[in-house]
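Student: test case, fold it:
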Amino acid sequence: MDINSVLLLRVSSEVDKDVDHPQFMDPPYQLKYLQAGLEKYQDLTVHFLDCWIRPLDVPQMLEHAARVRPDLIVISASSFDVEVANDLVGYLKKREDPPLIVGIGQGHYLTRDFGDDRKMIYDTILLGEPEQEFFRLFDWMLDGKQSDSSWKEYYRKCYAEGKRFVVEDPDRLTFPSYTAEELNAYRSIFPVQFPRRVVWGYLIATRGCPHGCMFCSEVMRVSIGRKIRNRSAVNVADEMEHLARQGVNICSFQDDSFSTSRRLVKALCDELIGRNSKMVWMARVRVDEVDYELLALMKKAGCIMLGIGVESGSQRIIDGMKKLHKPKPWLDLCRQVFQWTRKLGIGTNAYYVIGNPTETREEIEQTIKFALELDSDSIQVHFYTPYPGSAAWQEYKDQVAEYDPKKMFHYATPMFSLADVSIEELVKLRSQFYRRYIFRPGFAIRHMWRHGAFYWHNPDIFWNLLGIRKIF
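Tutor: The predicted structure follows:
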C-alpha cells in the first residue's frame, strides 16, 4: 500500500495538569526514535506533534490530522492519557477515509489488561518497546505483495497474547534530533551546580532492570523486562556529541537503573575521558551498585548530579519493598554513598516514599529524620502507589478493588492508604516532610550558595520548584 505521510502524535495529558507537585516534561522517547528512523525513508513526509508541549484537545487534534492528512498515525499514550488517545482514535475511525492507526506506549497495558472494549479500533497496538519492531511492521505495510489483513492479523494476535516487544540491539537505533522548541520544553526540575542556562538532552543507555522491587511496574518504566540490553560506550558517547551539536549542554540518563551494568558505566566514563568530553551529565543509580571508585570515575567523566532512590528510613519497609535481593543494611549503604558524593562534589536528589503498606507514623518519622541526616541537595517525596502490573498490585488489589485501576496512575496524589495512617494524615505528613527539610537553619543558605548561579541563569526552574509551596 502507499504511505506517503506519517503523523507521530503524543496526545495531551488530562492528569498531570492537576498535580500540585513540581514536575518536568521529558520527551516521548519511542516517538522520537521512530521519527529518526522514518526520516531515512525517501519520499516520506513525517509530521511530529507533542501535545504535552502544545496542548490540544480532541477536536483540535482531529483538526490537525485533517490538515496534514496522514496515511498512517502513530499515537503514543501513557497511563496518564490513554483515555484521550482512545477517544481520538474512535473519532478518526469514523471518518470516510480513515488513516491507519498504530498505538504505542505504556497506557495500552492498562486498556488490554483491564478490558477496554475500544482497543480494537486501532489497526494494531505494539506493546513494550516498539522502536525496532515498528519498522518491521512498516515495511510489511509497504509491501504490495501482501494484503493488509496479513500484518493486522499477526500483530493483533501479538497484542491479544500480551506480547511485549523489546529492543534487542539498542546500538542500531537512529539518534533522535530535536527542534529548538523541544529543547526548550523538555526541561528537568533538578537544580545542578552548573552556572549557565541549561539545555537538557535525554538518553537511554541501558534497557531492562534485573531488580524485583514490589512497587515497580512497566506502566511507569522506560524499558521492559529484567534482561539487560546495553548500548556500547562508543554509541552512547556518539549520541552525546550528536546532542551537543544541537545545543545540548547537559545530558540526563533516563535508564530505569543507570548503574545496573558497572561494566558499561566504567566503559562510558573511560570513553568520555578519552574524548576529553566537556558534556556534564546526571543519572539515576542504586546505592548497592556503586562504590567510591566508580563514583570518582563518574565525577571525572562529567557526572554532576545523581538521583538516588532512598525510599525509606525503616529497614522493615525496605525489606517489604523487596528493594534488595538479599537483606542488607540499607541505611548504612545510603549513608556511605551520600558521604562519598559529598566528598566528590556530586550533587544528589533523593527520592522517598511514604504510605507504604503497614507503615506506621513512627516509621514515617524515621524516614524524615533519615532524610535530614543524608542532607541531599534536593528531595522528592511521593505516596506509595501499587501500580497495575506491579507485584504490589497483585498483593494488594483486593484491598483497593473499589478503585478503577486505570486511574491509579500517579504517585503524587493518594487515592487510598495502605499504611497505618489515614490519607488525610499522609498528606499532612508529606507537607511536614518538605517543610522540615527546606526550612532547616542553614539549608536555604547552603542550597543557594551551591545553586544560586544556576537559578540566576534558569529562573523558570526556580519558579517551578517554588511550586512546592502548594503542598505546604
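Student: which strand or helix spans residue 352?
Tutor: Per DSSP states H and E, residue 352 falls inside strand 347-354.
Student: in stretch 384-397, what counts as buried?
Tutor: Neighbour counts using 16 or more other Cβ atoms under 10 Å place 384-393, 396 of stretch 384-397 among the buried residues. No exception for glycine: its C-beta is placed from N, CA and C like everyone else's.
Student: and the two most separated of those residues?
Tutor: Among the buried residues of stretch 384-397, the pair separated by the greatest distance (Cβ to Cβ) is 384 and 389, at 15.5 Å.
Student: helices and strands around the helix or strand following the strand holding residue 352, which ones?
Tutor: Sequence order places helix 361-374 as the next helix or strand after strand 347-354, per DSSP H and E. Secondary-structure packing of helix 361-374 (3 or more Cβ pairs under 8 Å, 6 or more residues apart in numbering; DSSP states H and E): strand 303-311, helix 315-321, helix 330-344, strand 347-354, helix 423-438.
Student: okay, stretch 129-137 in CSV with CA atoms only?
Tutor: Provided in CSV are the C-alpha atoms of stretch 129-137 (Å, rounded to 0.1, in the frame of the first residue of the first chain):
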residue,chain,number,x,y,z
GLU,A,129,9.5,-1.2,23.2
PRO,A,130,8.4,-0.6,19.6
GLU,A,131,11.5,1.2,18.3
GLN,A,132,12.7,-1.7,16.3
GLU,A,133,9.6,-3.8,15.7
PHE,A,134,7.7,-0.9,14.2
PHE,A,135,10.0,-0.8,11.2
ARG,A,136,9.3,-4.5,10.5
LEU,A,137,5.6,-3.6,10.7
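Student: buried stuff in it?
Tutor: 129-135, 137.
Student: using TSV, lay out the residues you listed together with pLDDT and secondary structure.
Tutor: Formatted as TSV, those follow (pLDDT from 0 to 100; DSSP: H, G, I helix; E, B strand; the rest coil):
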residue	pLDDT	secondary structure
129	96	coil
130	97	coil
131	97	coil
132	96	coil
133	97	helix
134	97	helix
135	97	helix
137	95	helix
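Student: for those residues, give me JSON lines that also has distance to residue 216.
Tutor: What follows is the buried residues of stretch 129-137, written out as JSON lines (distance: Cβ to Cβ, whole Å):
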{"residue": "129", "distance to residue 216": "16"}
{"residue": "130", "distance to residue 216": "21"}
{"residue": "131", "distance to residue 216": "21"}
{"residue": "132", "distance to residue 216": "24"}
{"residue": "133", "distance to residue 216": "23"}
{"residue": "134", "distance to residue 216": "25"}
{"residue": "135", "distance to residue 216": "29"}
{"residue": "137", "distance to residue 216": "28"}
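Student: out of the residues you listed, who's nearest residue 247?
Tutor: Comparing the buried residues of stretch 129-137 against residue 247 with Cβ to Cβ picks out residue 131 as the nearest, at 24.0 Å.
Student: ok, the closest one touching residue 175?
Tutor: No - shown here, residue 131 and residue 175 do not form a contact pair, counting by Cβ atoms under 8 Å, at 11.9 Å.
Student: for the helix or strand containing residue 65, the distance to its chain's centre please.
Tutor: Counting by DSSP H and E, the element that carries residue 65 is helix 58-68. Computed by Cα atoms, centre = their mean, to the nearest Å, the chain-centroid distance of helix 58-68 equals 27 Å.
Student: pull out the buried positions in that helix.
Tutor: Applying 16+ other Cβ under 10 Å to helix 58-68 flags 58, 61-62, 64-65 as buried.
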